[in-house]
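Asks: Predicted model, plus sequence, below.
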Amino acid sequence: MQETHGGILRYRAGMRAVLRNVMLAWSCSWTLTLGVTAVPADARAETILRRGNDAEPESLDPHRAGSHWENAILGDMFLPLTTEDAKADPIPGAAQRWTTSPDGLTWTFTLRPGQVWSDGEPLKASDFVFGFRRVLDPKTASRYAFIQYAIKNAEKVNAGKLPTDQVGVRALDDSTLEIILEKPTPFLPGLLAHYTAYPIPEHAVRKYGDDWVKPGVMVSNGAYTLTEWVPHDHIALRKNPKFYDAANVAIDTVQFIPLEVESTAFARYRAGQIDAFLGKYGFPIDDMPIINRDFPGQAHVVPQLAIDYIVGNVRKPPFSDARTRRAVSLCLDRELLTEKVIKAGAVPAYSFVPPGTAGYHNAAQLDFKDWPMDRRRAEARRLLAEAGYTAQHPLEFEFRTMALPNTRRVIITAAALLQECGIVPHIFLSESKVYYTALQMFDFTLGVAAWGADYNDPLTFLSLLDSRAGPYNYQGYANQAYDRMMDEAQNTQDLDLRAGILAKAEQLALDESGVIPLAVSSYRELVAPHVKGYAENATSTHRTRWMRIERP
């Protein structure tokens, strides 16, 4: 027993030693594990949103941008006087409050206290003054400058008739900005959220010139800063710790990935390579049954406050002749195009201002809306014959658009419809950026365009037909009576009377086929279940600061 007892004691002693060694090793291992995993733990806490975007940006300078996909990125980096909430409604931004004079012409904005640029420099009212002067300076050559013509002297400054210091914007002190308008502009809060109204860091522009927008150099005052731009691959933004509301920004890094082709966008989403596609065409509409089956609740088909339309270059033949423009418009079977080709809830457009636009009860429409197609085609052939076109000498031209599957289907169908009227279009496709540059340089004969509301007011559409609209009046429509009505409407404070004047102007442009409306369509967006804070809205404006990632 003694031997057995001693053996047991030795066994227990040995086991205690083993346990001590195991505990020591486990303790060391735990200590080491804690040390090793400290960085990965932080990395796991970092949230990254991979956003599919419509196309490759041309510029990230707010004054040289001109597209919805650039707006998506810029709106994450800059905070204007007013901004958009998750539903794209205007709310206070860099300004915490404002007042308006009784005549509606003088607006005074008070900035939030303590705001700084991402490099720590104070944000001042003078940065907004510098921004407005810069965007309206003809040397900047901003294609979108016309959108701020409501500001006093803006149009004259942009035309080079007055110096930039005559723009009706001034800093009363470092935190107070005054904007004086040419005409009452009740939708100014929405207009000031546009990227042409963003503050510009004068100190950075003075130091770096055009290079101020490069990664590592660019400073901004919004929720994010630019860290990387790999052309045709992605643009990366990093949360700005100096943003006034940084504590409520949940996503640390956002990557914008250009995906022009809808089938590619859906394939990347399906493979888990993007978390969301927030833009116009996130998936082929024919794949809707697959999405509903495999990704229930993740596809969002949202009616747009936007218009798809045809533009004929009126600056030169053949579309300098209103008869040829009207013939093209008559031959387009909008019902067939929307129901069979565009689909996704698209509806035929017989007016230029989409239904649902605020403050506008649209009475304007194409006069042949209720005609059957046989009557439309007969009238088109009559007009063509009157203009000198025959079967031996048909109306023939280049029909240009973007080389995207959706637009390609539309233009092929539209071309076939035109051929039924004896018109001979020759389709020419090009990349989105190249195509819209051609439109703005007026280097086209007939093309397809789309316009989404920059603010919820009929002027965001009707101003495009003003002869003073610059490169966004793609077709070059010019009518002095139209321009006068636009001026009259903008000087009218009675909203019902104003709406009537604008409708009369729109009817004039439609009667002259100054623009050929085609369809009111929808956005097709994809959002994964772990992306929270997404809200459907008619302009597809989704600022990352309102979103968050919540994985199971």
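Replies: That came in fine, so what should we check first? Residues are numbered from 1 along each chain as shown.
Asks: neighbours around the nearest residue to Gly476 once chain neighbours are set aside, how many?
Replies: With CB to CB, 6 or more residues apart in numbering as the criterion, Gly476 has its nearest non-adjacent residue at 4.4 Å, and that residue is Arg315. C-betas here are computed from N, CA, C, even on glycine. Using other CB atoms under 10 Å, the number of residues around Arg315 comes to 12.
Asks: what does the model give Arg315 for pLDDT?
Replies: On the pLDDT scale, Arg315 is placed at 95.
Asks: cool, and Val261?
Replies: pLDDT, Val261: 89.
Asks: same check, this time on the one 10 residues further on
Replies: Ala271 is assigned a predicted lDDT (pLDDT) of 97.
Asks: That one - how many residues pack around it?
Replies: Count around Ala271 with other CB under 10 Å applied: 8.
Asks: what about the stretch 301-450 of the chain, any weak spots by pLDDT?
Replies: For the stretch 301-450 of the chain, the stretches flagged by pLDDT under 70 are 362.
Asks: And the residue nearest to Gly476, how far from Ala385?
Replies: 24 Å (CB to CB, to the nearest Å).
Asks: number of nearby residues for the closest residue to Asp294 other than its chain neighbours?
Replies: In this structure, Asp294 finds its nearest non-sequential neighbour in Arg270, 7.7 Å apart by CB to CB, 6+ apart. Applying other CB under 10 Å, we find 16 residues neighbouring Arg270.
Asks: what do you get for Leu526?
Replies: 24.
Asks: show me what contacts the residue nearest the centre of the chain?
Replies: Centroid-nearest residue in the chain, with CA atoms, centre = their mean: His68, separated by 2.2 Å. His68 makes contact with 54, 279-280, 452, 540, according to CB atoms under 8 Å, 6 or more residues apart in numbering.
Asks: Next: Tyr435.
Replies: Contacts of Tyr435 (CB under 8 Å, 6+ apart): 400-402, 447.
Asks: can you rerun that using 6 Å?
Replies: Met402 (CB atoms under 6 Å, 6 or more residues apart in numbering).
Asks: One more: Val116?
Replies: Per CB under 6 Å, 6+ apart, neighbours of Val116: 122-123, 242.
Asks: With pLDDT and secondary structure added, can I get those residues in a markdown table?
Replies: What follows is the contacts of Val116, written out as a markdown table (pLDDT from 0 to 100; DSSP: H, G, I helix; E, B strand; the rest coil):
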| residue | pLDDT | secondary structure |
| --- | --- | --- |
| Pro122 | 98 | strand |
| Leu123 | 98 | coil |
| Lys242 | 98 | coil |
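Asks: Out of those residues, which is nearest to Gln255?
Replies: Of all these, Lys242 has the smallest distance to Gln255: 21.2 Å, by CB to CB.
Asks: Tell me, how many residues neighbour the closest one?
Replies: 18.
Asks: same thing with Glu536?
Replies: Residues near Glu536, counting by other CB under 10 Å: 16.
Asks: what does the one 4 residues further on give?
Replies: Applying the criterion other CB under 10 Å, we find 24 residues in the vicinity of Ser540.
Asks: Ramachandran angles for it?
Replies: Here is the backbone geometry of Ser540 (degrees, to the nearest 10): phi 50, psi 50.
Asks: nearest spatial neighbour of it, skipping sequence neighbours?
Replies: Using CB to CB, 6+ apart, the nearest residue to Ser540 is Tyr523, at 4.7 Å.
Asks: just Glu339 next, same as before
Replies: The nearest residue in space to Glu339 (CB to CB, 6+ apart) is Ala346, at 8.0 Å.
Asks: Please tell me how far the nearest residue in space to Gly120 that is not next to it in sequence sits from Asp119.
Replies: Distances taken as CB to CB, 6+ apart place Lys242 nearest to Gly120, at 6.6 Å, with adjacent residues excluded. Lys242 sits 8 Å away from Asp119, taking CB to CB as the criterion.
Asks: Same check on Tyr269?
Replies: For Tyr269 relative to Asp119 (CB to CB), the value is 36 Å.
Asks: May I have the secondary structure class of Ala265?
Replies: Of the three states, Ala265 takes helix under DSSP: H, G, I helix; E, B strand; the rest coil.
Asks: ugh, wrong one, I meant Gln255
Replies: strand.
Asks: Contact partners for it?
Replies: Gln255 touches 50, 234, 236, counting by CB under 6 Å, 6+ apart.
Asks: thought Val135 was touching Ala197?
Replies: No: with contact defined as CB atoms under 6 Å, Val135 does not count as touching Ala197 (8.0 Å).
Asks: Of the two, which one has the most company?
Replies: Of the pair Val135 and Ala197, Val135 is the one with more neighbours under other CB under 10 Å, namely 27 against 24.
Asks: quick one: secondary structure of that one?
Replies: helix.
Asks: Can you tell me how far it is from Ile48?
Replies: Val135 is 32 Å from Ile48, by CB to CB.
Asks: try Pro62
Replies: Counting by CB to CB, the gap from Pro62 to Ile48 is 25 Å.
Asks: Over to Leu259?
Replies: Taken as CB to CB, the span from Leu259 to Ile48 is 17 Å.
Asks: Same drill for the two, tell me which one is more crowded.
Replies: Leu259 (26 against 13).
Asks: Quick check: closest non-adjacent residue to the more buried one.
Replies: Ala265 (4.0 Å).
Asks: got the contact list for the one you found?
Replies: Contacts of Ala265 by CB under 6 Å, 6+ apart are 52, 259, 277, 282.
Asks: How about the third one: what's its closest non-neighbour residue?
Replies: Leaving aside its sequence neighbours, Phe277 sits nearest to Gly52 (CB to CB, 6+ apart; 3.4 Å).
Asks: Checking the one you found next. Helix, strand or coil?
Replies: Under three-state DSSP, Gly52 comes out as strand.
Asks: just the helices in the stretch 101-250 of the chain please.
Replies: 125-136, 154-158, 188-191, 202-208 (DSSP state H, counting those that start in this stretch).
Asks: Give me the helices and strands touching the longest one, please.
Replies: Same thing as helix 125-136. helix 154-158, strand 169-173, strand 176-180 (3 or more CB pairs under 6 Å, 6 or more residues apart in numbering; DSSP states H and E).
Asks: quick one: Leu508 and Phe130, what's the gap?
Replies: Using CB to CB, which is the criterion applied here, Leu508 is 39 Å from Phe130.
Asks: try Arg293
Replies: Arg293 is 53 Å from Phe130, by CB to CB.
Asks: same question, Val347
Replies: Applying CB to CB to Val347 and Phe130 gives a distance of 43 Å.
Asks: Please say which of those two ends up with more neighbours.
Replies: Counting neighbours by other CB under 10 Å for Val347 and for Phe130 shows that Phe130 has the greater number, 21 against 17.
Asks: unless I'm mixing things up, the more buried one is touching Glu202, no?
Replies: Yes: Phe130 lies in contact with Glu202 (CB under 6 Å); the separation is 4.3 Å.
Asks: Look up the pLDDT of Ser27 for me, please.
Replies: 35.
Asks: right, I mislabeled it, should have said Ser522
Replies: Listed pLDDT for Ser522 reads 89.
Asks: May I have the beta-bridge partners of it?
Replies: Pro303 (DSSP bridges).
Asks: can you pull the contacts of it?
Replies: 301-304, 344-345.
Asks: can you rerun that using 10 Å?
Replies: 280-281, 285, 300-304, 306, 342-347, 538, 540 (CB atoms under 10 Å, 6 or more residues apart in numbering).
Asks: do the same with Leu497
Replies: Leu497 touches 488-489, counting by CB under 10 Å, 6+ apart.
Asks: is it fair to say it lies in a helix?
Replies: Yes: with three-state DSSP as the criterion, Leu497 is located in a helix.
Asks: Let me see the mean pLDDT of stretch 219-237.
Replies: 97.
Asks: one step back: make sure the residue nearest to Gly476 is actually in contact with Ala478.
Replies: Yes: look at Arg315 against Ala478 with CB atoms under 10 Å: they come within range, at 9.1 Å.
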